[in-house]
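1. Structure for the following, please:
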Amino acid sequence: MAVALIAAATVILAGCAGGAPTTDPPEPPASDTPSAAPTPDVEAHLVVAIDGITYVDESGTQTAEYDDGDAVLALLESATGDLPDPEPVEGIPGYESDRERYSWDGLWVSVDVNLDGSLSLAVTGAEVDGIPVATEEGLSVGSTRQELMDADAWTLTDQEDAATAEYLGVGGEEVPGTQSLSRPGQVGILFVLHHLDGDVVKQIQVPANDFSDL
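-> Numbers count the residues shown, from 1 in each chain. So this is what the prediction gives:
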């Protein structure tokens, strides 16, 4: 009889152990759920290239080409929150000037008074109204001659030495229909010009070229 009771109890316990739970397991607290990684902040900055200027910030990227004066000025106004009053540019002796200059702290733009024709842009500081500015190669006002050489900088004429030249070019984009004045028989190019004071960049000019005589 005792053996029968023990066997019956064993069967009942086995049946309970194998039964499905009557309620769903509790969900983990909300705090246990993994959260998305925060998006890193984008530091606002300007990039000057051979063809145009770019402004990057948290809202996205804006680019304006140098052949569109209105767009370049609009981009700089958007970046800095300011559009300076233009100032007339004096012509070289024997030539009348129809150009005017817009100057920010660290950069100026020279354009035709009607915003037609060529545009010249010069970077004179490492920042433009507090916004870092550099070339596509990462070069800026304050960069060293060695940093330019590491970016494959070259002299404007074959007679100059890159170790002592006051001006060095970086990059190069051929312009069909032009002739280089420094490389006879070759197509002219656009490039980024770096003006050095000793071994330190003091100004960056774009778009520079080797086919204009003025």
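2. And the helices in the chain?
-> Using DSSP state H, the helices found in the chain span residues 2-18, 69-80, 145-150.
3. and those, which one's lowest on average pLDDT?
-> Lowest mean pLDDT within these: helix 2-18, at a mean of 36.
4. Please name the bridge partners of the nearest residue to residue 75 once chain neighbours are set aside.
-> Of all residues not flanking residue 75 in the chain, residue 64 sits nearest, at 4.4 Å (C-beta to C-beta, 6 or more residues apart in numbering). Where C-beta positions appear, they are placed from N, C-alpha and C, glycine not excepted. With DSSP bridges applied, residue 64 shows beta-bridge pairing to residue 53.
5. any idea how far residue 51 is from residue 64?
-> 10 Å (C-beta to C-beta, to the nearest Å).
6. swap in residue 92?
-> Using C-beta to C-beta, residue 92 is found at 26 Å from residue 51.
7. Domain map for this protein?
-> The record's domain parsing of the chain by automatic domain parsing lists 42-136, 139-214.
8. Output the ones you listed as TSV; include the columns mean neighbour count.
-> Putting these into TSV (neighbours: other C-beta atoms under 10 Å) gives the following:
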stretch	mean neighbour count
domain 42-136	16
domain 139-214	16
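9. Could you pull out the strands in this structure for me?
-> Applying DSSP state E to the chain gives strands spanning 45-48, 52-57, 60-65, 87-88, 99-104, 107-112, 120-123, 127-128, 131-135, 154-155, 167-179, 187-197, 200-209.
10. For residue 106, see how far away the closest residue to residue 148 other than its chain neighbours is.
-> Spatial nearest neighbour of residue 148, chain neighbours left out: residue 168 (5.3 Å); criterion: C-beta to C-beta, 6+ apart. Between residue 168 and residue 106 the computed distance is 20 Å (C-beta to C-beta).
11. again, but for residue 47
-> Between residue 47 and residue 106 the distance, using C-beta to C-beta, works out to 14 Å.
12. Please enumerate the shared neighbours of those two.
-> Listed as contacting both residue 47 and residue 106 by C-beta atoms under 8 Å, 6 or more residues apart in numbering are residue 133.
13. hey, what's the most centrally placed residue in the chain bridged with?
-> Among the residues of the chain, residue 47 comes closest to the average C-alpha position under C-alpha atoms, centre = their mean, at 3.3 Å. Residues in a beta bridge with residue 47, per DSSP bridges, are residue 54, residue 134.
14. so it touches residue 137, yeah?
-> No - in this structure residue 47 lies outside contact range of residue 137 using C-beta atoms under 8 Å: 9.9 Å.
15. which outside residues touch stretch 202-209?
-> The contact list for stretch 202-209 (C-beta under 8 Å, 6+ apart) reads 48-51, 53, 66, 120-124, 135, 139-141, 169, 175, 178, 188-196.
16. ok, 6 Å please
-> Residues from elsewhere that reach stretch 202-209 (C-beta atoms under 6 Å, 6 or more residues apart in numbering): 48, 50, 66, 121-124, 190-195.
17. From residue 86, how far off is the residue nearest to residue 98 when sequence neighbours are not counted?
-> Closest residue to residue 98 apart from its sequence neighbours, by C-beta to C-beta, 6+ apart: residue 113 at 5.3 Å. In this view, residue 113 and residue 86 are 8 Å apart by C-beta to C-beta.
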